[in-house]
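>>> Okay, sequence plus prediction incoming.
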Amino acid sequence: MTQVSVVNLWKEFEGQVVIERVNLEVAPHSFISIVGPSGCGKSTFLRMLLSQEAPTRGAIRIDGKSLPAEPTEQRGVVFQRYSVFPHLTVLENVAFGLEVAASRLLGRLFGARRRAAFEGCRGILEEVGLDAARDKYPAQLSGGMQQRLAIAQALIKKPKVLLLDEPFGALDPGIRNDIHQLMLRLFDETGMTVFMVTHDLREAFKLGTRLIAFDRYRTRPEERELYGATVTFDIPLDRATAGERRQAMDEIAPRVSASADL
Amino acid sequence: MARRLINRHPTRIGIVYLGLLPFVVLIALYATGSAIRLADNPTDKLLPAFSTLAAAVDRVAMTPDRRTGEILLWVDTAASLTRLGLGLAVATALALLVGIANGILPYVRAGLSPFVVAFSMIPPMAVLPILFIVFGLDELSKVVLIVFGIAPTMMRDLKARVEEMPREQLIKAQTLGASSWQIVLRVVLPQVLPRLIDALRLSLGPAWLFLISAEAIASEVGLGYRIFLVRRYLAMDVILPYVAWITLLAAFGDVTLRMVSRKLFPWVEGERGRS
Ligand SMILES: Nc1ncnc2c1ncn2[C@@H]1O[C@H](COP(=O)(O)OP(=O)(O)OP(=O)(O)O)[C@@H](O)[C@H]1O
Ligand SMILES: [Mg+2]
């Protein structure tokens, strides 16, 4: 079980404060939905969790240990786009993580070991509904299939933390609903912790066990440089009933400008 | 209402005819010009009649040389293609190595990239005398000129291709546990190989240019050598078939590379035209 803590996190770009004073204690097996207006630093926050970006101040710890300085297998990721390798088939994309672990020199398996590794990927492919498409290239898949592939590819490494940056933003509503069911099922099965940035409040409430809203609290033009966004709402959802969720959503919708974008 | 011009497409047969049209026009113009000049002056050498061209082709491409017993065109072709092939192979290998390293390793990029840019600015023909002095007048200097002429551009092109790969892919590979070397081998290399073939196709023209130039200046055999040799006798009947043959070889190289690319990298077609 994985405990993530964020301690007094700040991020500045060339003097411009983007994120400030973020403190979070994340219980094991949490699904954190992150919402907030465009440009408030949600992706930046996720990139820091990924070690793609270093905090200016403060720290992020996973199970008490500071994050390594670069991305590692501990934290999986699904971006909105470009998450899968276009030159590999569906099956090869999923097997990638297994192959690089098993063959340090070539990053690639051959013969019986390759067959065994690929066979081992069939389960997760079936789970995300892509087994029939296993020999196709990503360009031959729909957007929803590509995102499901990206999820399967990340999950094969059994990451402690999964980071999702608007992973379903480009999908149409019907497909999004299917993928939500899949996401919830995988979340229950794996025991991992998920951070998901989204612009869709309904999605945030539906999937999250906890909802975090980022926003700037000083918005006058002359203050924009000096003050960043911080956590303005922090709502536990895991024990909330459907009614309570809807009520909370109605309450914060007008105050999280994310919904105004929609 | 008539459709816009950009939405009007020729039929399949139409495409073939339209493609052939400029060639037919060129041949017709040549035939007319040649007939007019020869009517004026039967010894004119500038635009030889087709029969004269055919006789010259028979002489250089079909009949073994009386002295050496070899067929001139094949000897020249073999010599030129060997030089060209070596030059292209070395340039491609260098471009792959330097281009990828420059594109993905910040330390190599900092050290090497400005040098490659500066190097690519040197006009290759200007250093040809140096190459002759350093590498001698035979094969090596010609191969080096081709490498010198095309490798820096290919290196820069490949570096740009590596850099324009979505950052997300490199991050994703790291989260899947791949090392720098594995990322190069399994993510970067396979994705720049089709680009490498594109770069090679674009370099074919300059490569021929440098080959012919080097052969024209110092050589005893080769397509470029032959053209410049017979120029002294105004032998247009040999020059024109040689030029046509070189063009054919270059076009064949281009088509072959394109087919190889399609065959080896089936995933590329779907990617093209995506933003
Ligand atoms: N590498 C960078 N250099 C300079 N400024 C940056 C950099 N990355 C992000 N920023 C700035 O940080 C701010 C937050 O960007 P970020 O991408 O995190 O926003 P976001 O909340 O994800 O927005 P969106 O909802 O539109 O995706 C923006 O003002 C952006 O200009
Ligand atoms: Mg973002």
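Cool, got the structure. Ligands and ions are numbered 1, 2, ... in the order given.
>>> Correct me if wrong: A:Val18 contacts A:Gly41.
Yes - under the criterion of CB atoms under 8 Å, A:Val18 makes contact with A:Gly41 at 4.3 Å. Every residue, glycine included, has its C-beta placed from N, CA and C.
>>> which neighbours do the two share?
A:Lys11, A:Gly228, A:Ala229 (CB atoms under 8 Å, 6 or more residues apart in numbering or on different chains).
>>> Sort out for me which of the residues you listed are in strands.
A:Lys11, A:Ala229 (DSSP state E).
>>> of the shared contacts of A:Val18 and A:Gly41, buried ones?
For those, a burial check counting by 16 or more other CB atoms under 10 Å in any protein chain shown picks out A:Lys11, A:Gly228, A:Ala229.
>>> Closest to B:Ala151 out of those?
For these, the closest approach to B:Ala151 (CB to CB) belongs to A:Lys11, at 42.3 Å.
>>> mind checking how far stretch B:194-211 is from the chain centre?
Centroid separation for stretch B:194-211 versus its chain: 4 Å, with CA atoms, centre = their mean, to the nearest Å.
>>> That stretch close to chain A?
No - no part of stretch B:194-211 sits near chain A under the criterion CB under 8 Å from any CB of the partner chain; the closest distance found is 8.6 Å.
>>> hang on, the earlier thing: neighbour count for A:Val18 and A:Gly41, which is higher?
A:Gly41 (25 against 20; other CB atoms under 10 Å in any protein chain shown).
>>> Quick check, the more buried one in contact with A:Thr230.
No - counting by CB under 8 Å, A:Thr230 is not a contact partner of A:Gly41; they are 9.2 Å apart.
>>> any common contacting residues for these two?
With CB under 8 Å, 6+ apart, A:Gly41 and A:Thr230 have common neighbours A:Ile19, A:Phe214.
>>> How about A:Ala154: what's its closest non-neighbour residue?
A:Gly76 (3.5 Å; CB to CB, 6 or more residues apart in numbering or on different chains).
>>> Give the bridge partners for the one you found, please.
Note on A:Gly76: beta-bridge partners by DSSP bridges are A:Leu162.
>>> Count the residues that sit near it.
Neighbours of A:Gly76 using other CB under 10 Å come to 28.
>>> roughly how far apart are the residue in the stretch 1-150 of chain A positioned nearest to chain B and B:Gln191?
Going by CB to the nearest CB, chain B is nearest to A:Ala139 of the stretch 1-150 of chain A, at 2.8 Å. Taking CB to CB, to the nearest Å as the measure, A:Ala139 falls 13 Å from B:Gln191.
>>> Tell me which of those two has more neighbours.
Higher neighbour count among A:Ala139 and B:Gln191: B:Gln191, with 21 against 16, using other CB under 10 Å.
>>> Verify the contact between that one and B:Ile100 for me.
No - between B:Gln191 and B:Ile100 there is no contact under CB under 8 Å: 10.4 Å.
>>> Please parse the chain into its domains.
You didn't say which chain, so I picked chain A. A:1-74+A:159-262, A:83-158 (automatic domain parsing).
>>> my question was about chain B
Annotated domains of chain B cover B:5-44, B:59-64+B:72-274 [automatic domain parsing].
>>> These into CSV, with extra columns for distance to ligand 1 and mean pLDDT?
Shown next, in CSV, are the domains of chain B (distance: least, CB to the nearest ligand atom, whole Å; pLDDT from 0 to 100):
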stretch, distance to ligand 1, mean pLDDT
domain B:5-44, 35, 93
domain B:59-64+B:72-274, 11, 92
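>>> Out of these, indicate the one that is most buried.
Comparing the domains of chain B by mean neighbour count (mean count of other CB atoms under 10 Å in any protein chain shown), domain B:59-64+B:72-274 ranks first with a mean of 18.
>>> From the chain's centroid, how far away is that domain?
The chain centroid and the centroid of domain B:59-64+B:72-274 are separated by 7 Å under CA atoms, centre = their mean.
>>> Mind checking the domains of chain B for the one nearest to A:Thr198?
domain B:59-64+B:72-274 (17.6 Å).
>>> Would the helix or strand hosting A:Gln181 count as contacting chain B?
Under the criterion of DSSP states H and E, A:Gln181 resides in helix A:173-190. No - on the criterion CB under 8 Å from any CB, helix A:173-190 is out of touch with chain B, staying 15.4 Å away.
>>> mind listing what's buried in that helix?
A:Ile175, A:Arg176, A:Ile179, A:Leu182, A:Met183, A:Leu186, A:Phe187.
>>> need the contact list for the second one.
A:Arg176 sits next to A:Gly144, A:Phe168, A:Glu203 when contact means CB under 8 Å, 6+ apart.
>>> got the residues of chain A near chain B?
Contacts of chain A with chain B, taken as CB under 8 Å from any CB, map to A:50, A:52, A:70-73, A:75-77, A:79, A:81-88, A:96-97, A:99-101, A:104-108, A:137-140, A:150, A:153-154, A:157, A:159.
>>> if we can go back for a sec, can you say which of the domains of chain A is nearest to B:Trp181?
That would be, of the domains of chain A and by CB to CB, domain A:83-158, which comes in at 7.7 Å.
>>> tell me the mean pLDDT over that closest one?
What domain A:83-158 shows for mean pLDDT is 92.
>>> so how far is A:Ile151 from A:Leu211?
As judged by CB to CB, A:Leu211 and A:Ile151 stand 21 Å apart.
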